[in-house]
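Student: sequence plus predicted model, see below.
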Amino acid sequence: MARAMDRYVPLPPLPERISRLNELACNLWWSWNGGARDVFRELDYPLWRFTTHNPVLLLHLVEPERLDFAAADLKFLQIYDRAVAALDAVRSGDRVPVPGLRRAPGTGTLIAWISPQFALHQSLPVYVTSEGVVAGDLAKEASDLGVPFVGVGLMYARTYAHQRLATDGAQQETLEYVDWSDAPISPATAADGAICRFKLPIAGSEITVVAWKVLVGCATIYLLDTDVAENPAWERELSARRCDGDADARLRQSVLLAAGAVALLEKLQIVPSVWHLAGGQAAPVILERLHRLVQQGVNFTEACARVRASTVFNARVDAPPARDSHGLAAVDLHLASTWPALALQRASVLALGQHETNRGDAFNGAVLGARTCGAVTVDADGVHLASWISGQLSVLLDEHIGNDWPAKQPDAAACSALLDIPDQAVWDVRQRLRRYLVNFMRERARRRWAREQVSGARVVALGTLLDDGALTIGCVPRFSDGGHADVLFKDVDRLARIVTAARWPVQFVFAGRVDGRNDIGKHHLQRTFRHTLDPAFGGRLAFVEDYDLHVGRLMVQGCDVWLTMPSAEGGASLAAVKAAVNGAPHVGPPASAQRWTFEDSRDLYALLEDEIVPAFYDRNRANISERWAHIVRTTLAESIPRYTARRVLMGATGHSSFSRV
């Protein structure tokens, strides 16, 4: 039996009247539905905050007396009954869960989305990348649209690293082995009730795999886990850690994801209509499906045609990433052990993924996907609005677009109504959101000081001196991908004058983390952090440690401007998109830029001094900046229809025929 599953403890029984609290807590639908979150806030608000908004952990910790009281409290029961009824409506499939939409004919197509990661909420702490956030947001969007959706990814049980920065800014990581009893997840079971468990031949070994199930509204995600007692140590680690620094291990993970996804869906008797492969690490699904067809007697050419007709490859970048390239000998090993039916087609199979590198020919997963799938999409950044837009702004959308705005979000004409929001309303919301962020950072710094007695300089670097009324700029450089914030510090004296201006101060909030073995990225992060310790900046620079989905949500909602730094990927970050749908304009390099020059730095300083800062502080008699309110409204009206995950999902799945009632 799986080691992690041996320790899995289901939620305890509840009073009969509120017995479905467990069911509500274990479906992540609550994470983007205010009415469902209100249930757990009302049940025990201090515990809700203590658990960082994790209802499963809350239900493990809540006092029985509190549950008995809630079961007899009419106010609580009204909130509870509404939330349970809403969840039932979502899961029944009788209607599209988004008010104002109707299902068009032919949308019963089952989408299988295969991605190494699915980042959904901080209560399910797994390794998080922008690719994982995109996959998680698409699962939520599929649920909102009523699109049949199943996702398969890896468990990553031991890669959730908590980040602490030493006095000199050196990143320190503490890996958390997650107790899945305290997360919204459960063992996946087959039709006969047995735990999903099967063996896969990988690199000459028989590896035992189990699966976990995550409910996301009416969508379902399965996570593959090799942390099983009979597996040797390296096999137990295979699904537990990200392996970007180890090419052989990364290839084994790709094979596990590919062969495991196909085997699991077959075991669950799930037959996808279309397979979406998220990036090169998921592309070997193609080889697994070809192998099975050839085993059944289908000739290789016909097998390729069948796979092509039902597969879409989703890339994050235009060029094939180097991390998806593998030596031909390594691929040969897996052809022999995992896909022996393709051995006779070795040359043809290798040609499908052949990619020329500076070290010679290699086999690249992204190239395989691009050559063999019926459609290839380069992900346009889109986010699940209900997950990322603040509740304060949602109220404005209700008032100015209508309470059916979730159905209208891709409609630029409908969103143009946001241009009519009064200055006072826009200004008040932005003030409150910035205040939430600053108060969160101050409280975190206070707890850190009380717990560890960190130095005064460290407490300042954590944000204790930030001003909740000052122009706040957020920046999360992609340190792991070569990103850094050096452009901002080309002229320290000039920047110091900008941030410490007596009447018009500016403050920067930095965050970000680096993969454990990326020494260059750690060096960039350390340099950025050290600037926050410099008294020349007067406490106007801060670095938020332990950047995760919760911190990210507060930052993109609370910052007034989002600054993107150049990186190998280029272009704006996904965080910039989330900030934009919260009304924060974006400042950054051209999409093609990977580094800024000294002249670019001067342009950035001038942009701050001549445009951004004056616009924010140009106040009328009511102490409101009409210019800034206009910028916020324009950013909202342009960004919401452009960056919605709904548009991305409809385009990717061909379900563009959804319409409003």
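Tutor: Structure's in. What do you need?
Student: tell me the mean pLDDT over stretch 459-476?
Tutor: On average, the pLDDT along stretch 459-476 is 93.
Student: I meant to write stretch 537-552 there.
Tutor: Mean per-residue pLDDT for stretch 537-552: 93.
Student: kindly report the same for stretch 376-390.
Tutor: Mean pLDDT, computed over stretch 376-390, is 85.
Student: ok now that stretch, how far from the chain's centre?
Tutor: Centroid displacement of stretch 376-390 relative to its chain, using CA atoms, centre = their mean, to the nearest Å, is 10 Å.
Student: buried set for that stretch?
Tutor: Residues of stretch 376-390 classed as buried: 376, 379, 381-390 (neighbour count, 16 or more other CB atoms under 10 Å). (C-beta placed from N, C-alpha, C; glycine too.)
Student: end-to-end on that stretch?
Tutor: Using CA to CA, to the nearest Å, one end of stretch 376-390 lies 33 Å from the other.
Student: show me the contacts for the residue nearest the centre of the chain.
Tutor: By CA atoms, centre = their mean, the chain has its centre lying nearest to Val133, at 1.9 Å. The contact partners of Val133, by CB atoms under 8 Å, 6 or more residues apart in numbering, come to 119, 383, 549, 574.
Student: by contact count, what packs against the longest strand seen in the chain?
Tutor: Taking DSSP state E as the criterion, the chain has its longest strand at strand 205-216. Packing partners of strand 205-216 (3 or more CB pairs under 8 Å, 6 or more residues apart in numbering; DSSP states H and E): helix 130-145, strand 186-187, strand 197-202, strand 219-225, helix 247-267.
Student: those: which one's closest to Val459?
Tutor: With distances scored as CB to CB, the stretch of the helices and strands packed on strand 205-216 nearest to Val459 is helix 130-145 (30.4 Å).
Student: ok and that closest one relative to strand 205-216, angle-wise?
Tutor: 50 degrees (axes from the mean of the first three to the mean of the last three CA atoms, to 10 degrees).
Student: between strand 219-225 and helix 130-145, find me the angle.
Tutor: Using the same axes, to 10 degrees, the inter-axis angle of helix 130-145 relative to strand 219-225 is 150 degrees.
Student: let me know the next secondary structure element after helix 130-145.
Tutor: Next along the chain after helix 130-145, taking DSSP states H and E as the criterion, comes strand 149-154.
Student: show me which residues of the very next helix or strand once past that next one are buried.
Tutor: The element immediately downstream of strand 149-154 (helix or strand, assigned by DSSP H and E) is strand 160-165. For strand 160-165, burial by neighbour count (16+ other CB under 10 Å) applies to 160-161, 163, 165.
Student: hang on, the earlier thing: what residues of the longest strand of the chain count as buried?
Tutor: Applying a neighbour-count criterion of 16+ other CB under 10 Å, one finds 207-216 buried in strand 205-216.
Student: before we move on, the earlier item: turn the helices and strands packed on strand 205-216 into a markdown table, including mean pLDDT and distance to Gln424.
Tutor: Below are these laid out as a markdown table (pLDDT from 0 to 100; distance: least, CB to CB, whole Å):
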| stretch | mean pLDDT | distance to Gln424 |
| --- | --- | --- |
| helix 130-145 | 91 | 31 |
| strand 186-187 | 93 | 47 |
| strand 197-202 | 93 | 59 |
| strand 219-225 | 96 | 39 |
| helix 247-267 | 92 | 51 |
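Student: what's the closest of the ones you listed to Trp427?
Tutor: For Trp427, the closest of the helices and strands packed on strand 205-216 is helix 130-145, at 28.9 Å, according to CB to CB.
Student: show me the shaky parts of the stretch 201-350 of the chain.
Tutor: Applying pLDDT under 70 to the stretch 201-350 of the chain flags the ranges 243-245, 318.
Student: got the domain ranges for the protein?
Tutor: Using automatic domain parsing, the domain parsing of the chain gives 3-102, 111-160+173-378, 385-647.
Student: quick one: contacts for Thr500?
Tutor: 537-538, 540.
Student: follow-up on the earlier one: which single one of the buried residues of strand 205-216 is nearest to Asn403?
Tutor: For the buried residues of strand 205-216, the nearest to Asn403 is Val216 (23.1 Å; CB to CB).
Student: follow-up on the earlier one: PyMOL command to pick out the buried ones of the contacts of Thr500?
Tutor: The buried residues among the contacts of Thr500 can be selected in PyMOL (16+ other CB under 10 Å) with this line:
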select buried, resi 537+540
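Student: was I right to think Trp32 contacts Ile389?
Tutor: No. Using CB atoms under 8 Å, Trp32 is not in contact with Ile389; the gap is 9.6 Å.
Student: can you give me the strands for the stretch 301-450 of the chain?
Tutor: Ranges of strands in the stretch 301-450 of the chain, per DSSP state E, counting those that start in this stretch, are 311-315, 325-326, 354-357, 360-364, 375-378.
Student: how about those strands, which one is nearest Gln172?
Tutor: Closest approach to Gln172 among the strands of the stretch 301-450 of the chain (CB to CB): strand 325-326, 31.6 Å.
Student: list the helices and strands the closest one packs on?
Tutor: Here strand 325-326 touches helix 247-267, strand 360-364, going by 3+ CB pairs under 8 Å, 6+ apart.
Student: next one: phi and psi at the nearest residue to Phe510 once chain neighbours are set aside?
Tutor: Leaving out its chain neighbours, the residue that sits closest to Phe510 by CB to CB, 6 or more residues apart in numbering is Phe543, at 4.7 Å. Phi and psi for Phe543, reported as degrees, to the nearest 10, are phi -130, psi 120.
Student: neighbours of Phe543, just the number please.
Tutor: Phe543 sits with 25 neighbouring residues when counted by other CB atoms under 10 Å.
Student: what is the lengthiest helix in the chain packed up against?
Tutor: Using DSSP state H, we find that the single longest helix of the chain is helix 423-452. Contacts defined by 3+ CB pairs under 8 Å, 6+ apart place helix 423-452 against helix 391-400, helix 456-461, strand 471-475, strand 541-544, helix 549-558, helix 626-642.
Student: how about the ones you listed in JSON lines, adding distance to Glu609?
Tutor: As requested, the helices and strands packed on helix 423-452 are arranged in JSON lines below (distance: least, CB to CB, whole Å):
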{"stretch": "helix 391-400", "distance to Glu609": "29"}
{"stretch": "helix 456-461", "distance to Glu609": "25"}
{"stretch": "strand 471-475", "distance to Glu609": "12"}
{"stretch": "strand 541-544", "distance to Glu609": "17"}
{"stretch": "helix 549-558", "distance to Glu609": "23"}
{"stretch": "helix 626-642", "distance to Glu609": "15"}
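Student: quick one, which of those is nearest to Leu57?
Tutor: Across the helices and strands packed on helix 423-452, Leu57 has its closest neighbour in helix 549-558 (13.7 Å, CB to CB).
Student: in terms of secondary structure, what does the helix or strand following the closest one contact?
Tutor: Per DSSP H and E, helix 549-558 leads on to strand 561-563 as the next helix or strand towards the C-terminus. Applying 3+ CB pairs under 8 Å, 6+ apart, one finds that strand 561-563 contacts strand 471-475, helix 574-580, strand 586-587.
Student: would you convert those into a markdown table that also reports distance to Gly482 and mean neighbour count?
Tutor: As requested, the helices and strands packed on strand 561-563 are exported to a markdown table (distance: least, CB to CB, whole Å; neighbours: other CB atoms under 10 Å):
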| stretch | distance to Gly482 | mean neighbour count |
| --- | --- | --- |
| strand 471-475 | 15 | 25 |
| helix 574-580 | 17 | 26 |
| strand 586-587 | 19 | 18 |
